[in-house]
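Chemist: the following comprises the amino acid sequence and a computationally predicted model.
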Amino acid sequence: MNIEQAKQEIKHAVQAYLAKDAYGAYQIPVVRQRPLLLMGAPGIGKTAIMEQVTRECNIALVSYSITHHTRQSAIGLPFISHKYYGGKEYAVTEYTMSEIIAAVYDKMEETGLQEGILFLDEINCVSETLAPAMLQFLQAKTFGSHRMPEGWIIVAAGNPPEYNKSVREFDIVTLDRVKKIDVEPDFEAWKEYAWKQGLHGAILSYLEIKKNHFYAMETTVDGKRFVTARGWEDLSNIMQVYASLDIAVDEGLVYQYLQHKKIAKDFANYLDLYEKYRTDYRIGDILAGQYSKGAVEKLQQAAFDERLSVMGLLLSRLSEDFTEADDADLRAVALHGMLKECKARLQAATESHWAVVLGSYLESEWQTFESQRAANLLERKQEQTKRFALQQIEEDIQQAKAAGLQDANAVFDSMKTKFQDVVQARTQAIAAASQALENAFAFLEETFGAGQEMVIFITELTANYYSVKFISAHGSEKYYQYNKELLFDEKQKSILDDIEKAKTEMTLLF
């Protein structure tokens, strides 16, 4: 199965393992909660989906790479204790608590979450001395005399032998006690994730043309040559930062992330073309509705790869616009929710000064925010949105104090006025994205009509989380015209549900 399917399997297992009966006991006894074992090629996202699962299930995560542990750190250190048997005192060897088990309890203390996942990566690369204890842990959920706390699920991951010479095979006794999930590289599944994470458009455009370069693992006389999903994502990050610093990306940099000379060279060459197309076709002008007849004719006569590259450039720029509109919308919704709470607290606390009421609320919200961050329950965008709203309220309070405002109603009116700037920014971002999408359709219609290029364009819009979310919320006549039989999958349906919920929340402040 692909990585997205594996994620769903893990979520379903977590939901089943943590389900309780009417008496508060786990429906599946802890002893029958098989550890999950993810087996798959390196760099396909096994670690990343663990963070996603724990956030979506609102549980904690403790992650370890087992190759970093010795028997002592995993089992604990021995010490002598004294016990009485049959009326006689005996010296008995016991062990301090395992560092791994202790980390689970520390996480519970730190986050307040009593349920979670213990993720053990590279499970089949443990040292010779640690292997028996690790197998016992998978089978009995104990290290030495210390057992995993109830409510914590073990998920382990490893690479098949063909990718790592140091791995050891699990015996049947162990495999019969785990829930084994085999994961294979899958570009289409990864692409959906890549669009949502905002990966560089050149990478997505290139891989759309060269899908067989998404994942490669070869052994040659010169050693290993490989390209992984992790490599593409990390390369995207450095490319985006380099662009902001006006630093050129060359083949040498690409090879540092794609350790396969042929693919690295091919992508570096494509990147030069990609930038050339951006200039030649003036992508910004197309989305502004100011494209020339020459651009239309040039693309009509271009090779298919060039056409795909130009559509990739359009989609990448549109994705930026959709993302900015989404960010602006999330900021407005988050700040609106906090302002509603501020208003309610000011109305309820007639005896206290407004600064005390709002200061107490803000402090509580910051504490909740930091707790959620510590528990890894916030995605990057959620963290940024919440931080924006908190800082905006903080700024409002400071400005009201500086202005010497004493009346709570005057303070709230001031906060509400500033909120209109956020609403206006949201409106402008949505309008800009809508216009850019309309202009892209106009250009493609004039260039290709309803041909296969338009089908590809529609397909890619449908695969992009942010374009689907934007079009679902704000519509696009051209999109629906060319895709009359659009069927939303379960994930897209959940997006629609989120949008409707957000619309309900966006009620007037007064």
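Modeler: Now that the structure is in, tell me what you want to look at. Numbers count the residues shown, from 1 in each chain.
Chemist: lowest average confidence, helix or strand, in this structure?
Modeler: Using mean pLDDT, DSSP states H and E, helix 490-505 stands out as the lowest-scoring helix or strand of the chain, at a mean of 49.
Chemist: so how far is stretch 365-374 off the chain centroid?
Modeler: The chain centroid and the centroid of stretch 365-374 are separated by 19 Å under C-alpha atoms, centre = their mean, to the nearest Å.
Chemist: show me what counts as buried in it.
Modeler: Neighbour counts over stretch 365-374 (16 or more other C-beta atoms under 10 Å) mark 365, 366, 369, 372 as buried. Heads up, the C-betas are built off the backbone N, CA and C, glycines and all.
Chemist: next, the first one: secondary structure please.
Modeler: Meaning residue 365. Under DSSP: H, G, I helix; E, B strand; the rest coil, residue 365 falls in the helix class.
Chemist: how does this protein divide up, domain by domain?
Modeler: Domain ranges of the chain: 3-69+100-184, 185-281, 294-510, per automatic domain parsing.
Chemist: closest one to residue 87 among these?
Modeler: Minimum separation from residue 87 across the domains of the chain (C-beta to C-beta) falls at domain 3-69+100-184, 23.6 Å.
Chemist: tell me where the stretch 1-150 of the chain has strands.
Modeler: Shown for the stretch 1-150 of the chain, the strands assigned by DSSP state E, counting those that start in this stretch span residues 36-40, 60-65, 78-85, 88-95, 116-121, 142-143, 146-147.
Chemist: out of those, which one sits most buried?
Modeler: strand 116-121 (a mean of 24; mean count of other C-beta atoms under 10 Å).
Chemist: how about that strand as CSV, C-alpha atoms only?
Modeler: Written as CSV, here are the backbone C-alpha positions of strand 116-121 (Å, rounded to 0.1, in the frame of the first residue of the first chain):
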residue,chain,number,x,y,z
GLY,A,116,-0.1,8.4,22.7
ILE,A,117,2.1,6.6,20.3
LEU,A,118,5.7,5.4,21.0
PHE,A,119,7.3,5.3,17.6
LEU,A,120,10.5,3.2,17.3
ASP,A,121,12.3,3.8,14.0
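Chemist: quick check: angle from it to strand 60-65?
Modeler: Angle, strand 116-121 to strand 60-65, by axes from the mean of the first three to the mean of the last three C-alpha atoms, to 10 degrees: 10 degrees.
Chemist: and strand 116-121, which strands flank it?
Modeler: In the sheet, strand 116-121 lines up against strand 60-65 (parallel), strand 152-158 (parallel) (DSSP bridges).
Chemist: could I get those in CSV, plus columns for distance to residue 11?
Modeler: Formatted as CSV, the strands paired with strand 116-121 follow (distance: least, C-beta to C-beta, whole Å):
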stretch, distance to residue 11
strand 60-65, 13
strand 152-158, 11
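Chemist: mind checking which of the strands of the stretch 1-150 of the chain is nearest residue 450?
Modeler: Judging these by C-beta to C-beta, what sits closest to residue 450 is strand 36-40, at 40.1 Å.
Chemist: state which helix of the protein is the longest.
Modeler: Looking across the chain with DSSP state H, the single longest helix is helix 304-348.
Chemist: picking that back up, closest one to residue 212 among the strands of the stretch 1-150 of the chain?
Modeler: Within the strands of the stretch 1-150 of the chain, the stretch nearest residue 212 is strand 36-40; the backing value is 18.3 Å (C-beta to C-beta).
Chemist: what angle separates that closest one from strand 152-158?
Modeler: Calculated by the same axes, to 10 degrees, strand 36-40 forms an angle of 20 degrees with strand 152-158.
Chemist: thinking residue 483 is in contact with residue 458, fair?
Modeler: Yes. Between residue 483 and residue 458 a contact is recorded at 5.0 Å, counting by C-beta atoms under 8 Å.
Chemist: neighbour-wise, which of these two wins?
Modeler: Taking neighbours as other C-beta atoms under 10 Å, residue 483 and residue 458 compare with residue 458 leading, 20 against 17.
Chemist: pLDDT wise, what is the most far-flung residue of the chain relative to its centre at?
Modeler: Farthest-out residue of the chain from its mean C-alpha position, per C-alpha atoms, centre = their mean: residue 87, at 59.4 Å. On the pLDDT scale, residue 87 is placed at 83.
Chemist: that one and residue 464, how far apart?
Modeler: Separation of residue 87 from residue 464 (C-beta to C-beta, to the nearest Å): 75 Å.
Chemist: next one: residue 92
Modeler: In terms of C-beta to C-beta, residue 92 sits 62 Å off from residue 464.
Chemist: need the nearest residue in space to residue 63, chain neighbours excluded.
Modeler: Leaving out its chain neighbours, the residue that sits closest to residue 63 by C-beta to C-beta, 6 or more residues apart in numbering is residue 119, at 4.4 Å.
Chemist: please apply the same query to residue 341.
Modeler: residue 361 (6.7 Å).
Chemist: mind listing what that neighbour touches?
Modeler: By C-beta atoms under 8 Å, 6 or more residues apart in numbering, the contact set of residue 361 is 341, 342, 345.
Chemist: residue 129 versus residue 90, what's the distance?
Modeler: 27 Å.
Chemist: same check on residue 374?
Modeler: From residue 374 to residue 129 the distance is 33 Å (C-beta to C-beta).
Chemist: contacting residues around the closest residue in space to residue 50 that isn't next to it in sequence?
Modeler: Distances taken as C-beta to C-beta, 6+ apart place residue 119 nearest to residue 50, at 4.8 Å, with adjacent residues excluded. Contacts for residue 119 were tallied using C-beta under 8 Å, 6+ apart; they are 47, 50, 61, 62, 63, 64, 155, 156, 157.
Chemist: for the last one, report the pLDDT, please.
Modeler: So that's residue 157. 88.
Chemist: what number of residues lie near it?
Modeler: Residue 157, neighbours per other C-beta under 10 Å, totals 25.
Chemist: show me what it bridges to in the sheet.
Modeler: Beta-bridge pairing for residue 157 (DSSP bridges): residue 38.
Chemist: just checking, it touches residue 120?
Modeler: Yes. With contact defined as C-beta under 8 Å, residue 157 reaches residue 120; the gap is 7.3 Å.
Chemist: what is the burial count for residue 66?
Modeler: For residue 66, using other C-beta under 10 Å, the count is 22.
Chemist: looking at the contacts of residue 361, state which has the most neighbours.
Modeler: Greatest neighbour count in these, by other C-beta under 10 Å, goes to residue 342: 24 neighbours.
Chemist: residue 287: which of the domains of the chain is closest?
Modeler: When these are compared by C-beta to C-beta, domain 294-510 sits nearest residue 287, at 4.2 Å.
Chemist: run through the residues that contact residue 377.
Modeler: 54, 55, 58.
Chemist: swap that for residue 435, please
Modeler: Going by C-beta under 8 Å, 6+ apart, the list of residues near residue 435 reads residue 289.
Chemist: just say helix, strand or coil for it.
Modeler: On the basis of three-state DSSP, residue 435 is classed as helix.
Chemist: how much space is there between the residue nearest to residue 403 when sequence neighbours are not counted and residue 396?
Modeler: The shortest distance from residue 403 to any non-neighbouring residue, by C-beta to C-beta, 6+ apart, is to residue 414 (7.5 Å). Look at residue 414 and residue 396: by C-beta to C-beta, they are 7 Å apart.
Chemist: nothing else from me, thank you.
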